[in-house]
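Participant: this one's sequence-less:
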């Protein structure tokens, strides 16, 4: 199966600083994950298979908490990225 990188700019103007294939490889989660990241001045949380975040806001800790809750609901790991795009924490699936 071939995975394409996330486009650097989406039609709505949102930019990303990494691709999901690399994230899956970095974290060792081929089955999927929830990701909290910083883009365009906003903290966002999304599923691994979506370009569009399910939540976004100004507060980093709120997005981390929300991403962690959604990860628990879906029994997926939660990957937390720093503003520079590097992985700072990985919370395993429950």
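Facilitator: Sure thing, it's come through. Note that the structure is a prediction, hence the values are computed from the model and not measured. Numbering: from 1, shown residues only.
Participant: from here on, contacts and neighbour counts on C-alpha atoms
Facilitator: Fine.
Participant: what number of residues lie near the residue nearest to residue 91 when sequence neighbours are not counted?
Facilitator: Leaving aside its chain neighbours, residue 91 sits nearest to residue 78 (5.0 Å; criterion: Cα to Cα, 6 or more residues apart in numbering). Residues near residue 78, counting by other Cα atoms under 10 Å, number 28.
Participant: Could I get the contacting residues of residue 78?
Facilitator: Contacts for residue 78 (Cα atoms under 8 Å, 6 or more residues apart in numbering) come out as 33-36, 67-68, 71, 90-93.
Participant: Among those, name the ones in helices.
Facilitator: 67-68, 71 (DSSP state H).
Participant: Which of those ranks first by neighbour count?
Facilitator: Busiest of those [other Cα under 10 Å] is residue 67, holding 27 neighbours.
Participant: Pairing-wise in the sheet, spell out the partners of the residue nearest to it when sequence neighbours are not counted.
Facilitator: Computed as Cα to Cα, 6+ apart, the closest residue to residue 67 that is not its neighbour in sequence is residue 45, at 5.6 Å. Beta-bridge partners for residue 45, by DSSP bridges, are residue 36, residue 55.
Participant: Tally up the residues packed near residue 45, please.
Facilitator: 26.
Participant: follow-up on the earlier one: where's the dip in pLDDT among the contacts of residue 78?
Facilitator: Lowest in pLDDT among those is residue 93, which has 89.
Participant: My guess is that residue contacts residue 73. True?
Facilitator: No: counting by Cα atoms under 8 Å, residue 73 is not a contact partner of residue 93; they are 9.8 Å apart.
Participant: Between those two, which is the more surrounded one?
Facilitator: residue 93 (16 against 11).
Participant: And for the closest residue to that one other than its chain neighbours, the neighbour number?
Facilitator: Leaving aside its sequence neighbours, residue 93 sits nearest to residue 77 (Cα to Cα, 6+ apart; 4.1 Å). Around residue 77 there are 23 other residues, counting by other Cα under 10 Å.
Participant: List the contacts of residue 77.
Facilitator: Applying Cα under 8 Å, 6+ apart, the residues near residue 77 are 29, 32-34, 71, 90-94.
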